[in-house]
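Visitor: prediction below, plus the sequence it came from.
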Amino acid sequence: MHYWLMKSEPAEMSIDDLAIRPGQTAPWFGVRNYQARNFMRDAMRIGDRAFFYHSGGAEPGIAGICEVVSPAYPDATQFDAASPYFDPKPSAKAPRWFNVEVRLLSKTRFVPLAELRTQPQLAAMPLLARGNRLSITPVARDEWRFICDKLIGVKA
DNA sequence: GCCAACGTTGGC
DNA sequence: GCCAACGTTGGC
């Protein structure tokens, strides 16, 4: 199993929005970055865990824990001219963008980005790298355990 | 609202 | 294939 961190702007979809969806499940559509797409398409597996991270809001940070519940499949919004995520270049035969689906496992104590930055054990996280903008980043097993055990207070 | 950092585009 | 220009992300 692999671990991830997935960013969502609360205005787009917050942890509470996810919590009230049918099955507490949502497609992670709208990723338009090749590196993040490749993580979803090539590396994510059903059963992988991910931190649900709020970005762009008043206070960024980890808000919950999710589980990957589907393989990656073509992101429908790339074909939808009415969607802000519309991309004219891909075709149905050659889709460019993919998404998995995630299910909420638990809403957690909110762990602010500023708190993550103070932890030496987490210094290598891509999330904390200077200038990082990737919306999906891998989390190492020991980083996952540390955040769950020491910061959130749940068993990893 | 600002701006640093980064990815993408497109002309050559 | 290079690289300047542009658009976007996201913390502050």
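Guide: Cool, the structure landed. All values reported here derive from a predicted model rather than from experimental measurement. Residues are numbered from 1 along each chain as shown, chains lettered A, B, ... in the order given.
Visitor: please make it C-alpha for all contacts and neighbour counts, starting now.
Guide: Noted.
Visitor: the residue nearest to A:N99 when sequence neighbours are not counted: neighbouring residues, count only.
Guide: Nearest residue to A:N99, sequence neighbours excluded (Cα to Cα, 6 or more residues apart in numbering): A:A72, at 4.9 Å. Using other Cα atoms under 10 Å, A:A72 has 24 neighbouring residues.
Visitor: what's the answer for A:T118, then?
Guide: By other Cα under 10 Å, 10 other residues sit near A:T118.
Visitor: next one: it from A:P22, what distance?
Guide: 37 Å (Cα to Cα, to the nearest Å).
Visitor: can you name the residues that contact the residue nearest to A:N99?
Guide: The contact partners of A:A72, by Cα atoms under 8 Å, 6 or more residues apart in numbering, come to A:40-41, A:44, A:98-101.
Visitor: same thing but 7 Å
Guide: Going by Cα atoms under 7 Å, 6 or more residues apart in numbering, A:A72 touches A:40-41, A:98-100.
Visitor: out of these, list just those in strands.
Guide: A:98-99 (DSSP state E).
Visitor: just to revisit the earlier point, distance check, the residue nearest to A:N99 against DNA strand C.
Guide: Distance of A:A72 to DNA strand C, computed by Cα to the nearest atom of the strand, to the nearest Å: 20 Å.
Visitor: before we move on, what about A:S8?
Guide: A:S8 is 7 Å from DNA strand C, by Cα to the nearest atom of the strand.
Visitor: report the central residue of chain A.
Guide: By Cα atoms, centre = their mean, chain A has its centre lying nearest to A:M6, at 1.5 Å.
Visitor: now tell me what touches the helix or strand containing it from outside.
Guide: Applying DSSP states H and E as the criterion places A:M6 in strand A:3-8. The contact list for strand A:3-8, computed with Cα under 7 Å, 6+ apart, reads A:14, A:48-55, A:135-141.
Visitor: next structured bit after it?
Guide: Following strand A:3-8 in sequence, per DSSP H and E, is helix A:15-19.
Visitor: in that next one, which residues are buried?
Guide: Counting neighbours by 16 or more other Cα atoms under 10 Å, one finds that the buried residues in helix A:15-19 are A:15, A:18-19.
Visitor: how far is that helix from where the chain is centred?
Guide: Distance of helix A:15-19 from its chain centroid, counting by Cα atoms, centre = their mean, to the nearest Å, is 13 Å.
Visitor: do the same with stretch A:48-57
Guide: 5 Å.
Visitor: stretch A:141-156 now?
Guide: On Cα atoms, centre = their mean, the centre of stretch A:141-156 falls 17 Å from the chain's centre.
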